[in-house]
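Q: predicted model and sequence follow; I will ask about them next.
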Amino acid sequence: APRSRRSGRAMRNLARTRLPEALVLLAALVTRVWRLDYHSFWFDESVSMTWARSAADYTWDVTLQLVKDKHPPAYYLLLHFWRELLKPFGLGSNDVALRLLGSLLGVLTVLGVLVLVKRLSGRPTALLAGGLVALSPALVWYSQELRMFQPATTALVWAACCLMMATRTVRRGRRIGWWVGMVAAFTLALYSY
């Protein structure tokens, strides 16, 4: 009986920590950065790089019209500024460093799922949902591509989180903040894909 009490106490202590969520996020990170250099850029990723190398104002003007490219400018601009951030380190053309942006956004997607599902259905369900999203082959694949699918997904998940918080928050100031966050996230998703 004392041993079962100790193991029960250990489980309760573990449940109070954020270790399970941290492990889900770690799994998301590991699956998304593993073998980022496995493939070289393919045609669509090269298109993304062409826009990322262009001046930001040119990319905005041209892609917003959806004439030269069928995708709006938000992702291309995000990639442009990510590339600029990497340049001083000599990584502005490095496949792995450039693809890391999508991988990090993929981890943010998993975090958003954890937050959203925990508030809606509780922690055990959130851990299950977060684990499934963390290990989803399709979501891992798109996190490793230099394309706009992952940023759009991340923005949609966080828009859903903001919407849920806006409808459940009592304080007016915070509620307005959540509504603004929802509009911003939906706009980012819309202008990414």
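A: The structure has been received and is ready for your questions. Residues are numbered from 1 along each chain as shown.
Q: mind checking the SS state of the residue nearest to residue 48 when sequence neighbours are not counted?
A: Sequence neighbours aside, residue 146 is the residue nearest to residue 48 in space, at 4.8 Å (criterion: CB to CB, 6 or more residues apart in numbering). Every C-beta, even on glycine, is put in place using the N, C-alpha and C of the backbone. Secondary structure assignment for residue 146 (DSSP: H, G, I helix; E, B strand; the rest coil): coil.
Q: could you point out which element follows the helix or strand of the chain with the lowest mean pLDDT?
A: Within the chain, no helix or strand scores below helix 2-16, which has a mean of 66 by mean pLDDT, DSSP states H and E. The element immediately downstream of helix 2-16 (helix or strand, assigned by DSSP states H and E) is helix 19-33.
Q: for that next one, packing partners?
A: The contact analysis (3 or more CB pairs under 8 Å, 6 or more residues apart in numbering; DSSP states H and E) places helix 19-33 against helix 95-121, helix 123-135, helix 137-143.
Q: so for the chain, the centremost residue is which one?
A: In the chain, the centroid-proximal residue (CA atoms, centre = their mean) is residue 105; its distance is 2.7 Å.
Q: is it true that that one touches residue 144?
A: No - assessed by CB atoms under 8 Å, residue 105 is found out of contact with residue 144, at 10.9 Å.
Q: can you check which of the helices and strands packed on helix 19-33 gets nearest to residue 167?
A: In terms of CB to CB, the element of those nearest to residue 167 is helix 95-121, at 10.6 Å.
Q: about what we covered before: most packed of the helices and strands packed on helix 19-33?
A: Comparing those by mean neighbour count (mean count of other CB atoms under 10 Å), helix 95-121 comes out on top with a mean of 21.
Q: re the thing from before, might you report the residue contacts of the residue nearest to residue 48?
A: 41, 45, 48, 49, 79, 98, 99, 102 (CB atoms under 8 Å, 6 or more residues apart in numbering).
Q: from residue 136, how far out is the third one?
A: To tie it back to what came earlier, the one meant is residue 48. Distance, residue 48 to residue 136, by CB to CB, to the nearest Å: 22 Å.
Q: these two: which is more packed in?
A: residue 48 (21 against 17; other CB atoms under 10 Å).
Q: before we move on, back to that, export the helices and strands packed on helix 19-33 as a markdown table, with columns for distance to residue 72.
A: Conversion of those to a markdown table gives the following (distance: least, CB to CB, whole Å):
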| stretch | distance to residue 72 |
| --- | --- |
| helix 95-121 | 17 |
| helix 123-135 | 25 |
| helix 137-143 | 18 |
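Q: nearest to residue 175, out of those helices?
A: With CB to CB as the criterion, residue 175 lies closest to helix 95-121 of the helices and strands packed on helix 19-33, at 14.7 Å.
Q: okay, the angle between that closest one and helix 123-135?
A: For helix 95-121 and helix 123-135, the angle between their directions (axes from the mean of the first three to the mean of the last three CA atoms, to 10 degrees) works out to 160 degrees.
Q: so what secondary structure elements neighbour helix 95-121?
A: Using 3+ CB pairs under 8 Å, 6+ apart: helix 95-121 touches helix 19-33, helix 74-86, helix 123-135, helix 137-143, helix 149-168.
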